[in-house]
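# Pasting the sequence and the predicted coordinates here, then a few questions.
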Amino acid sequence: MSNAKTDGTFDGIRAEELGASGVRILSVGWATPPTSYTQREVLDMFRVTDPRVRSIFLNSAIERRCLTLPEPGPDGTPSPESQGELLRKHRVQGLDMGGRAVQNALKNAGVDLGDVDYLCCVTTTGLLTPGFSALLIRELGLRSDCSRLDVVGMGCNAGLNALTAVVGWAAAHPGRTAVMLCTEACSAAYVFDGTMRTSVVNSLFGDGAAAVVVQAAPEAPREGPQVLRFASCLIPEAIDAMRYDWDDQAGKFSFYLDRDVPYVVGAHAELVVDRLLAGTGVRRSEVAQWIVHSGGKKVIDAVMVNLGLTRHDLRHTTGVLRDFGNLSSGSFLFSYGRLLDEGVLEKGDHVVFMTMGPGSTIETALLRV
């Protein structure tokens, strides 16, 4: 997978050349399932009475999430799902949400389905072969010669990591349209076993999909912020802090989230942002808007403290967490969509995107309006 290098190069393109290529994010679109639940409704539905688990849910800074839950069984609680049923949910919901998100993004950009030349699909909540890119080309009626890429298993940071590949493709193909989709049916990766480990995960993630339309047109630039550069940070000593394990007893995959993740991410946030801004002439205090992954209350607070940001700076990050939970790879695009709706961006403003996820990794991007 492509990443910004410490010497300022990106996929063989120097940062200044990437900026000169005029690669812009033309639009964003998103979609969720029709069913949404408050944290208390989820607890009551599954008849969770353990005060420790209830505290995790009710003190998460999340009010509600869009989830795709099974029908109630004989005892009135949602029926347990096998790994096969979870994978089917991943496919069905991923295609439905993903298709709607792509169509919304294209509509917002004024681009027809037949004009899409490159499709990158990102997901972590299940496995498919062929992947979502091939399935969506068929489902949406995209051209059969559309180039494609599937990014699977990278986690919550994957949207920004994949965007490096999409932007690189767009820079190499001026005037042609690229689309990146993050589609995450997080409820297809749940294990309900009453343990504190799974309770943390089950309290956090929600279902959702988001897409962006990207194009390079330096001679006749379209509206939308220009992507200037990327920077990454891998934290090898924390490589097992976020991971999927196979649960033999449950017969399905189970996601593990180490309690120290927020502090590890926070401690490295300043390093990667300084690397992102190095040589640009842009100081951290001059960044007009910050879009940070809605990873969870403790993660957001750690980033805020270590970067010296305010709650206003992260208003969209915390707002998406409150209203949708952690949407994995697409979370930052939901926040970006809210920033666009706010209408506060001005010509010349700089925007920083930041995501974090398994590895442990932090991904960043610098944009200019």
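Alright, I've got the coordinates. Numbers count the residues shown, from 1 in each chain.
# Where does pLDDT dip in the stretch 201-350 of the chain?
Low-confidence segments of the stretch 201-350 of the chain, defined by pLDDT under 70: 218-222.
# Let me see the ranges of the helices in it.
261-277, 297-307, 315-324, 331-342 (DSSP state H, counting those that start in this stretch).
# Against Thr310, how distant is Ala101?
30 Å (C-beta to C-beta, to the nearest Å). Any C-beta I mention is one placed from the backbone N, CA and C, and that applies to glycine too.
# Between the two, which is the more surrounded one?
The neighbour count for Ala101 versus Thr310, taken as other C-beta atoms under 10 Å, is higher for Ala101 (26 against 9).
# Quick one: residues contacting the more buried one.
Ala101 makes contacts with 29-31, 181, 183, 209-211, 330, as judged by C-beta atoms under 8 Å, 6 or more residues apart in numbering.
# Could you rerun that using 7 Å?
Ala101 makes contact with 29-31, 181, 183, 209-211, according to C-beta atoms under 7 Å, 6 or more residues apart in numbering.
# And Thr177, by the same measure?
Here Thr177 is in contact with 111, 115-117, 213, 215 (C-beta under 7 Å, 6+ apart).
# again, only this time at 6 Å
Thr177 makes contacts with 111, 115-117, 215, as judged by C-beta atoms under 6 Å, 6 or more residues apart in numbering.
# which one among those gets closest to Leu228?
Among these, Gln215 lies closest to Leu228 (C-beta to C-beta), at 15.6 Å.
# related to what we said a few turns ago, tell me which of the contacts of Thr177 fall in strands.
Of the positions in those, 116-117, 215 sit in strands, assigned by DSSP state E.
# Compute the distance between Ile62 and Asp145, please.
42 Å.
# likewise Val227?
Val227 sits 25 Å away from Asp145 when distances are taken as C-beta to C-beta.
# circling back to that earlier point, out of the helices of the stretch 201-350 of the chain, which is closest to Gln93?
helix 315-324 (14.5 Å).
# Next one: Gly73, what pLDDT does it get?
With respect to pLDDT, Gly73 scores 85.
# can you count the residues close to the residue nearest to Ala158 when sequence neighbours are not counted?
What sits nearest to Ala158 in space, not counting adjacent residues and going by C-beta to C-beta, 6 or more residues apart in numbering, is Ser329, at 4.2 Å. Ser329 has 31 neighbours, counted by other C-beta under 10 Å.
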